[in-house]
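S.K.: I would like the atomic coordinates for the input below:
(2 chains)
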Amino acid sequence: MSRVLTYREALREAIAEEMERDERVFVMGEEVGHYQGAYKVTEGLLDRFGAERIVDTPIAELGFAGIGIGAAVCGLRPIIEFMTFNFSASAFDAIINHAAKFRQMSGGQFSCPIVFRGPNGAARQTGSQHSQCFEGIYGHFPGLWVVCPSSAADAKGLLKTAIRSDDPVVFLEGERLYGLKGEVPEGEHLVPLGKADIKREGRHVTVVTWGLGVPVSLAAANQLSARGIELEIIDLRSLRPFDLDLVLESVKKTNRAVVVHEHWPYGGTGAEVVLRIQEEAFDWLDAPVARVAGIDVPMPYASVLEESVIPTADRVVQAVRRVTYTS
Amino acid sequence: MAKIIEMPKLSPTMEEGTLVKWYRTEGDVVAIDDLLAEVETDKATMEFRAFDKGVLLKRLVPEGATVKLGAPVAILGAKGEDVSALVARASGVSAQGAQAPAVGPAAPRATEAAAAPEPAVRPAATRKEGERVLASPLVRRIARESEVDLGDVEGTGPNGRIVKRDLDVYLSSPRRPEERAASAPAGALPSRVVPLTSMRKTIARRMVESKTTVPHFYLTIDVDAGPLVGAQAALNAELAAIAKAESTEPEKVSVNDLLIKAAAVCLRRVPAVNASYSPDGLVFHSRVDVSVAVALDDGLVTPVVRDADALGVLEIGREVRALAKAARAKKLKPEQMQDGTFSISNLGMFGIDEFAAVINPPEGAILAVGQVRDEPVVAAGAVVAGKRLRLTLSCDHRVVDGAVGARYLQVLRRLLETPATMLL
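M.R.: Reported below is the predicted structural model:
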């Protein structure tokens, strides 16, 4: 059975189900308990599971991330919520130098089964310090899994899998996606890490995207379909590792690829995807791989400027025209 | 004062040249007769040397580009001179010059592309010969697998890049030349189209010119080749003995060397065949310069053995081998290929008994030589084993009449059957 839930409710259901299933699972972060979560993901969980498992923290990201890592190494399964991933910058050392390294530096004696989760990317008019994307940064470090669901069903399925992972997972939620509704299976619904999903089938152009890029690309696909160009939209869901096989299979079918993402272009995850496509599918490409990314500036506060920085369906359409040589 | 350097005439029949390699870069000081570049003409790869001194201010043509005779290739002048006006003038000229050699069958296909149901195409610039073909990796792979020559495919992508839809249009086009020619059964693999080299264009142009403007007629004679083969054996035995005495590698003469000698001597005896037609009058040549057809992997050339009548057979053999070697290395100079007065073409080594050759204008005749055959012959009323050789003379009837050509072959036969008479 499935029913329609919001992305936010699907995340909450995943946490609750895993907390019911495994008493080692607990949530820790700013405003997760009494305030019911800054984005209401943890709403109702304090009443249901008590203050020992829904832990409100001081405004001290490095501290509670470090505590979570210690707890994970000692056998618990913490879910660390950052109010936004922008604040994970304060916990950067704990995440990249401790969580990502425990298994390797202990020669496999310890693992660090922890989930760092929270909203990623631009909200609306939260300014340059609160509108950033972190997949490129965390994806850079071996030892971390990085995932980014774009639908309610994937949000639930990926979070449950992430909580069960024996290694640290950076779980990037879409700040603009929390209200998105979709069918979500009840109960045991697990989405494997490292597997992409075709969100729309098409034969002319492969669009590789994730997070906010998925609804943007789907809107572009609707525009282009009316003109006879069918996009195949691959939602990577997992960014490290990413599902290269599915991407290549699609590119070999369409001969053209556009990579769409919200984060900056320079040295980002998209750059890695583009590289791998040209390395592995060079002889199938009929056009250079195009990229649609956030504009390479700190996010402006003014809403009209903000909207011009974040990728839009129109920009995806333009990129598709470039790779199909239609102007 | 800066000036434009133009593509010079590096061979007498050259109409365009491919700039193979630059030897000077922009900013280099150039003296008169300095090597500027190498140019592939219709005949050979030639040195392009400076006629003036100065500083090479601008190279107007990339390596690999084909340029019409007289088209701008570089600008020479004083150091630091402003050449923008000259560059603009030169590019205007070369744009006009580039129109003519456009790939022929491509133009109608562009119209088809525009009518294709897929997204409409932009008109593409027609590629110049020798220009790099831009194509997507996918197109290159498909072209490799289906053996399509991308030089024939019109590209509609940025800068004329060939993209998949262009190849689709090309592959489905009934105007593909090889399909017209072959009318291959359905499902047959597509044929390969190789672009015309300068040499191939020259061969095509000159052979069409010859066969359409020169009234050919053909005379064939059968020769007893026994004495000729005997003379060859005697000469080679002598050469071997000399070499042995001097402890060197023996040289050899071939039947072909003897034939060149005989044909040349015969031209002295029948000078009416050593002649060319011209609108101003018949030209009777004072020298006997024999053009020898040399087959190459990608065509043929006809280097000239000068004063062949006066050379010994050994000298003729050396000269022919040196010329053939230079021809295969594409190092023949134009003067080594021009102003022959008569041609010999020998296909005997392929087992050909006889054939008729096409005259190499403005020469008046060409001798086609078949193989030496072992055949029963009648000698003194008895059938004995003999050697025969068939020769066919193609004559330009404007200058050589039937009886004159026949007389030439008659004398030639006597020379070949009694080789000692060549000494007269």
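S.K.: with just CA atoms, put the longest helix along chain A into CSV.
M.R.: Counting residues, the longest helix found in chain A (DSSP state H) is helix A:7-21. Written as CSV, here are the backbone C-alpha positions of helix A:7-21 (Å, rounded to 0.1, in the frame of the first residue of the first chain):
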residue,chain,number,x,y,z
TYR,A,7,8.7,14.7,1.3
ARG,A,8,8.9,16.0,4.9
GLU,A,9,6.4,13.4,6.2
ALA,A,10,8.2,10.7,4.3
LEU,A,11,11.5,11.5,6.0
ARG,A,12,9.7,11.6,9.4
GLU,A,13,8.1,8.2,8.7
ALA,A,14,11.5,6.8,7.8
ILE,A,15,13.0,8.0,11.1
ALA,A,16,10.1,6.8,13.2
GLU,A,17,10.1,3.4,11.5
GLU,A,18,13.8,2.9,12.0
MET,A,19,13.6,4.1,15.6
GLU,A,20,10.8,1.6,16.3
ARG,A,21,12.8,-1.2,14.5
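S.K.: what are the buried residues along that helix?
M.R.: Neighbour-count burial for helix A:7-21, counted by 16 or more other C-beta atoms under 10 Å in any protein chain shown, picks out A:7-19. Glycine gets a C-beta too; all of them are placed from N, C-alpha and C.
S.K.: return the closest of those residues with respect to residue B:296.
M.R.: Nearest to residue B:296 among the buried residues of helix A:7-21: residue A:7, at 72.8 Å, using C-beta to C-beta.
S.K.: pLDDT weak spots in chain B?
M.R.: Confidence mapping of chain B against pLDDT under 70 gives the ranges B:92-130, B:174-190.
S.K.: need the helices for the stretch 301-424 of chain B, in chain order.
M.R.: With DSSP state H, counting those that start in this stretch, the ranges of helices along the stretch 301-424 of chain B come out as B:313-328, B:402-417.
S.K.: so what touches the last one?
M.R.: Looking back up the chat, that one is helix B:402-417. Helix B:402-417 is contacted by residues B:217, B:219, B:221, B:223-225, B:227-228, B:258-259, B:262-263, B:265-267, B:269-270, B:272-273, B:365, B:367, B:389, B:391, B:393, B:395, B:400, B:421-422 when judged by C-beta atoms under 8 Å, 6 or more residues apart in numbering or on different chains.
S.K.: residue 245 is in what secondary structure piece?
M.R.: Went with chain A since none was named. According to DSSP states H and E, residue A:245 maps onto helix A:244-254.
S.K.: hmm, I had chain B in mind actually
M.R.: Using DSSP H and E, residue B:245 sits in helix B:226-246.
S.K.: what is the burial count for residue B:410?
M.R.: Neighbour count for residue B:410, taken as other C-beta atoms under 10 Å in any protein chain shown: 14.
S.K.: which residues of the stretch 51-200 of chain A fall in helices?
M.R.: Secondary structure of the stretch 51-200 of chain A (DSSP H, counting those that start in this stretch): helices at A:61-73, A:92-93, A:102-105, A:135-138, A:152-164.
S.K.: now do the end-to-end distance for stretch A:236-247.
M.R.: 9 Å (C-alpha to C-alpha, to the nearest Å).
S.K.: ok, stretch B:298-316 next?
M.R.: Across stretch B:298-316, the terminal residues are separated by 25 Å (C-alpha to C-alpha).
S.K.: which bits of the stretch 151-300 of chain A sit near chain B?
M.R.: A:228-229, A:255, A:282-287 (C-beta under 8 Å from any C-beta of the partner chain).
S.K.: state the mean pLDDT of the longest helix of chain A.
M.R.: In this model, helix A:7-21 has a mean pLDDT of 97.
S.K.: who does that helix touch, helix- and strand-wise?
M.R.: Counting contacts by 3 or more C-beta pairs under 8 Å, 6 or more residues apart in numbering or on different chains; DSSP states H and E, helix A:7-21 packs against strand A:25-29, helix A:45-49, helix A:152-164, strand A:169-174, strand A:181-185.
S.K.: chain center to it, what's the gap?
M.R.: 17 Å (C-alpha atoms, centre = their mean, to the nearest Å).
S.K.: one more: stretch A:268-279?
M.R.: 17 Å.
S.K.: check stretch A:142-161 too.
M.R.: 6 Å.
S.K.: how about it, which residues are buried there?
M.R.: Neighbour-count burial for stretch A:142-161 [16+ other C-beta under 10 Å]: A:143-161.
S.K.: likewise for stretch A:50-66?
M.R.: Buried residues in stretch A:50-66, counted by 16+ other C-beta under 10 Å: A:53-57, A:61, A:64-66.
S.K.: contacts for it, please.
M.R.: For stretch A:50-66, the surrounding residues in contact (C-beta under 8 Å, 6+ apart) are A:19, A:25-35, A:42, A:45-46, A:80, A:82, A:87-91, A:93-95, A:98-99, A:116.
S.K.: quick one on the thing from earlier: point out the most buried one among the helices and strands packed on helix A:7-21.
M.R.: Highest mean neighbour count of the helices and strands packed on helix A:7-21: strand A:169-174, a mean of 28 (counted as mean count of other C-beta atoms under 10 Å in any protein chain shown).
S.K.: name the helices or strands packed onto that one?
M.R.: Applying 3+ C-beta pairs under 8 Å, 6+ apart, we find strand A:169-174 packed against helix A:7-21, strand A:115-120, helix A:135-138, strand A:145-147, helix A:152-164.
S.K.: what about the strands in the stretch 51-200 of chain B?
M.R.: Taking DSSP state E, counting those that start in this stretch as the test, the strands found in the stretch 51-200 of chain B are B:54-59, B:66-68, B:72-77.
S.K.: so how far is the shortest one off the chain centroid?
M.R.: Average the C-alpha atoms of strand B:66-68, do the same for its chain, and the two points are 18 Å apart (C-alpha atoms, centre = their mean).
S.K.: can you give the strand pairings for it, parallel or anti for each?
M.R.: Its sheet considered, strand B:66-68 pairs with strand B:16-22 (antiparallel) by DSSP bridges.
S.K.: go through the strand it pairs with and flag the buried ones.
M.R.: B:16-20, B:22.
S.K.: one step back: now render the helices of the stretch 51-200 of chain A as a markdown table, adding mean pLDDT.
M.R.: Shown next, in a markdown table, are those (pLDDT from 0 to 100):
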| stretch | mean pLDDT |
| --- | --- |
| helix A:61-73 | 98 |
| helix A:92-93 | 97 |
| helix A:102-105 | 96 |
| helix A:135-138 | 96 |
| helix A:152-164 | 98 |
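S.K.: where exactly do the strands run in the stretch 201-327 of chain A?
M.R.: Assigned by DSSP E, counting those that start in this stretch, the stretch 201-327 of chain A shows strands spanning A:205-209, A:231-235, A:238-240, A:257-260, A:290-292.
S.K.: got the contact list for stretch B:324-339?
M.R.: By C-beta under 8 Å, 6+ apart, stretch B:324-339 touches B:10-12, B:14, B:40-41, B:43-46, B:289, B:291-292, B:294, B:296, B:301-304, B:323.
S.K.: how long is it end to end?
M.R.: One end of stretch B:324-339 to the other measures 17 Å (C-alpha to C-alpha).
S.K.: how is the chain divided into domains?
M.R.: Using chain A here. Chain A breaks down by automatic domain parsing into domains covering A:2-185, A:197-323.
S.K.: wrong chain, I was asking about chain B
M.R.: B:3-99, B:106-195, B:201-423.
S.K.: so which of the ones you listed gets nearest residue A:209?
M.R.: Of all the domains of chain B, domain B:106-195 sits nearest to residue A:209, with 22.2 Å by C-beta to C-beta.
S.K.: and for whichever residue of the stretch 201-350 of chain B sits closest to chain A, the neighbour number?
M.R.: In the stretch 201-350 of chain B, no residue comes nearer to chain A than residue B:298, which is 29.3 Å away by C-beta to the nearest C-beta. Using other C-beta under 10 Å, residue B:298 is surrounded by 11 other residues.
S.K.: may I see the strands of the stretch 201-327 of chain A arranged in JSON lines, with mean pLDDT and mean neighbour count as well?
M.R.: Formatted as JSON lines, the strands of the stretch 201-327 of chain A follow (pLDDT from 0 to 100; neighbours: other C-beta atoms under 10 Å in any protein chain shown):
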{"stretch": "strand A:205-209", "mean pLDDT": "98", "mean neighbour count": "30"}
{"stretch": "strand A:231-235", "mean pLDDT": "98", "mean neighbour count": "26"}
{"stretch": "strand A:238-240", "mean pLDDT": "97", "mean neighbour count": "25"}
{"stretch": "strand A:257-260", "mean pLDDT": "98", "mean neighbour count": "28"}
{"stretch": "strand A:290-292", "mean pLDDT": "97", "mean neighbour count": "22"}
